[in-house]
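# here are the coordinates; sequence isn't available:
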């Protein structure tokens, strides 16, 4: 029987890759990178063999979509921010069977979902960035299989994403996999205007967004997810939540929705990045 061994909300800011490179921003995201490594370390200690990533950098306009190819490898350069992420290599095994099982469970719950095993369907950096640091300096024998799920759901209902997340949990429990589930996306996501972008690389664009993000983290730490779920649609809209915050809805659906009440553990404290709010937080299963 399969199991969700750990669930977390994580960042995937491109400045994490920039932090590796020589230059004025070298080391600027050490805390975020360390957070990814710590989450993966704990997940492996709990027996994780697979990572399912709700990726808000994968945009879809119709249906719910799962990239469950047999393998993913190549060299990635961001077409959005090529000066941040360029020539980043990756090599992971996929888990087709789990992706197909998730699709079957979601469709049974009346959420139209397609699982894809298409070699030319590549991963987005919402998956590639956390996977990079969660596999860094780890022996090949301990690498996780990867399933990526589109969570920039442009014309979808948050209610369906809650339902989808619950279906993911059921599918995992019917599988033979031990799974680390990641909601990969920001909190507030109001990018800074171009002329202010460089100055705001470590800040929020608006004080309003920063204050709301801080309140949200307080609710998470207090386990007050009924209130958070009630505010999520307005929060996503008013604070430009990345991908409509469907990754977060999926994660909470997996954990029990508004009934979930376990305090979150903050692994990497809330920080500003290019105008947006970022965090690494574990949601106890």
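Good, I have the coordinates. Given the structure is predicted, the values throughout are model-derived calculations rather than measurements.
# who's in contact with residue 197?
When contacts are counted by C-beta atoms under 8 Å, 6 or more residues apart in numbering, residue 197 touches 191, 274, 275. C-beta here means a position set from N, CA and C on the backbone, and glycine is covered the same way.
# read off the pLDDT value for it.
Looking at residue 197, its pLDDT stands at 90.
# quick one on the thing from earlier: could I get the contacts of residue 197 in a markdown table, plus columns for neighbour count and pLDDT?
Output for these, formatted as a markdown table (neighbours: other C-beta atoms under 10 Å; pLDDT from 0 to 100):
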| residue | neighbour count | pLDDT |
| --- | --- | --- |
| 191 | 16 | 92 |
| 274 | 24 | 95 |
| 275 | 22 | 95 |
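# where's the closest residue to residue 115 other than its chain neighbours, which helix or strand?
In space, and not counting its chain neighbours, residue 115 is closest to residue 103: 3.9 Å by C-beta to C-beta, 6 or more residues apart in numbering. Using DSSP states H and E, residue 103 sits in helix 96-108.
# what ranges do the strands span in the stretch 51-200 of the chain?
With strands called from DSSP state E, counting those that start in this stretch, the stretch 51-200 of the chain shows them at 64-67, 71-76, 88-93, 113-116, 145-153, 178-184.
# need these in CSV (columns: mean pLDDT).
Converted to CSV, the strands of the stretch 51-200 of the chain look like this (pLDDT from 0 to 100):
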stretch, mean pLDDT
strand 64-67, 98
strand 71-76, 98
strand 88-93, 97
strand 113-116, 98
strand 145-153, 98
strand 178-184, 99
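# show me the strands paired with the one helix or strand residue 7 maps to, marking each as parallel or antiparallel.
Residue 7 belongs to strand 3-10 when assigned by DSSP H and E. The pairing partners recorded for strand 3-10 under DSSP bridges are strand 178-184 (parallel), strand 276-282 (antiparallel).
# pick the most buried one from those strands.
Mean neighbour counts were compared across the strands paired with strand 3-10 using mean count of other C-beta atoms under 10 Å; the top stretch is strand 178-184, at a mean of 27.
# quick one: residues contacting the most centrally placed residue in the chain.
Nearest to the mean C-alpha position of the chain, by C-alpha atoms, centre = their mean, lies residue 184 at 1.2 Å. By C-beta under 8 Å, 6+ apart, the residues touching residue 184 are 10-12, 53-57, 126-127, 129-130, 151, 247.
# how close does it sit to residue 112?
Using C-beta to C-beta, to the nearest Å, we find residue 184 at a distance of 22 Å from residue 112.
# check residue 79 too.
Applying C-beta to C-beta to residue 79 and residue 112 gives a distance of 28 Å.
# right, and residue 258 touches residue 231 too?
No: using C-beta atoms under 8 Å, residue 258 is not in contact with residue 231; the gap is 11.1 Å.
# what residue, apart from its backbone neighbours, is nearest residue 69 spatially?
residue 94 (4.5 Å).
# identify the residues contacting the one you found.
Applying C-beta under 8 Å, 6+ apart, we find residue 94 in contact with 67, 68, 69, 70, 71, 72, 117, 145, 146, 147.
# so what's it scoring on pLDDT?
Reading off the model, residue 94 has pLDDT 98.
# same thing with the one 5 residues further on?
Per-residue confidence at residue 99 stands at 98 (pLDDT).
# with residue 109 instead?
On the pLDDT scale, residue 109 gets 98.
# please name the nearest non-neighbouring residue to it.
Going by C-beta to C-beta, 6+ apart, residue 109 has residue 167 as its nearest residue, at 4.9 Å.
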